[in-house]
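*Asks:* I would like the atomic coordinates for the input below:
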Amino acid sequence: MTTRRISGELGVTGSMRRMLFPWLVWMCAVVALPAAANVTAGQPAPAFALSDTGGKVISLSDFKGRTVVLEWINPGCPFVQKHYRSANMPTTQKAAADKGVVWLAINSTATSATDYLAPPALASWMQQYQAQVTATLMDADGRVGKAYGARTTPQMVIIDPQGVIRYAGAIDSKPTARVEDIATATNHVNQALGELLTGKPVSVPVTRPYGCSVKYAS
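*Replies:* Now for the predicted structure:
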């Protein structure tokens, strides 16, 4: 269930949405776990190949020699909605793209999950919020998400041109679903990319990701 479905289909009032929002967050299984249980900064990035929302197979190796950002996404998650509806995530994506960075959004939500979006619907959602990604990839069996130890949406990984993970963790420093917290948060992705692309070591290579638990196939 998403806040959008509730307001659009059931006609819930603004005051009722405010009352329901904490319950929605709880239903999304909010977690704050150590970044990347299976891989972390300094380790080689696991290879993968996934189909995008248009059916084209995209491999990490396609971008050898380039900096790559991986973003775990589930549009049904209030934390993901926070960063898209506020334009924070698309703005971060565009800033990366302007610097020649590849950005791959990965949806590891199982097809059996109530908030799973089929490829055309996910592509439409990304377009609606003006996502600036290189590709949106489908990982319904969870193979890639598990290989990277992805536990939350959103969760971020930055891979350098040599194929080494240089950042793993949260999008920013404020682990809440409140849009107003974005203004005072440190954007860890912007910071890490700024350092990496200017030849500096990433000063904060690992943070605790936050958001909704990834709904993996059982």
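*Asks:* Quick check: buried residues in stretch 116-132?
*Replies:* By 16 or more other Cβ atoms under 10 Å, the buried positions in stretch 116-132 come out as 116-117, 119, 122-123, 125-126, 129, 131-132. The way it works is simple: take the backbone N, C-alpha and C, and place the C-beta from them, glycine included.
*Asks:* Next, give me the two most distant ones among these.
*Replies:* Pairwise distances across those peak at 23.5 Å for 116 and 132 (criterion: Cβ to Cβ).
*Asks:* what about stretch 113-127, start to end distance?
*Replies:* Distance between the boundary residues of stretch 113-127 (Cα to Cα, to the nearest Å) amounts to 22 Å.
*Asks:* Residues contacting it, please?
*Replies:* The contact list for stretch 113-127 (Cβ atoms under 8 Å, 6 or more residues apart in numbering) reads 1-2, 51-55, 74-77, 105, 107, 109-110, 133, 136, 138, 140, 215.
*Asks:* Pull out the buried members of those.
*Replies:* Listed as buried from the contacts of stretch 113-127 are 2, 52-53, 74-77, 105, 107, 109, 133, 136, 138, 140, 215; burial here means 16+ other Cβ under 10 Å.
*Asks:* one step back: mark which of the contacts of stretch 113-127 are part of helices, please.
*Replies:* Judged by DSSP state H, helices contain none of the contacts of stretch 113-127.
*Asks:* which residues in this protein form helices?
*Replies:* Going by DSSP H, the chain shows helices at 3-9, 14-27, 78-85, 88-97, 119-128, 143-147, 188-196.
*Asks:* among these, which gets the worst mean confidence?
*Replies:* Set side by side, the helices of the chain give their lowest mean pLDDT on helix 3-9, at a mean of 34.
*Asks:* of the buried ones among the contacts of stretch 113-127, closest to residue 41?
*Replies:* Among those, residue 105 lies closest to residue 41 (Cβ to Cβ), at 20.6 Å.
*Asks:* Now for the closest one: which residues touch it?
*Replies:* Counting by Cβ under 8 Å, 6+ apart, residue 105 makes contact with 71-73, 126, 131, 133, 135-137.
*Asks:* try 10 Å
*Replies:* Shown in contact with residue 105 (Cβ atoms under 10 Å, 6 or more residues apart in numbering): 52-53, 69-73, 80, 89, 93, 122, 126, 131, 133-137, 154.
*Asks:* Let me see the ranges of the strands in the protein.
*Replies:* 30-32, 49-52, 57-59, 68-72, 102-107, 135-138, 152-153, 155-159, 165-169, 210-213 (DSSP state E).
*Asks:* Does residue 85 touch residue 179 like I think?
*Replies:* Yes. Between residue 85 and residue 179 there is a contact at 7.2 Å, judged by Cβ atoms under 10 Å.
*Asks:* Look up how far residue 92 lies from the residue nearest to residue 66 when sequence neighbours are not counted.
*Replies:* Leaving aside its sequence neighbours, residue 66 sits nearest to residue 102 (Cβ to Cβ, 6 or more residues apart in numbering; 5.3 Å). Counting by Cβ to Cβ, to the nearest Å, the gap from residue 102 to residue 92 is 14 Å.
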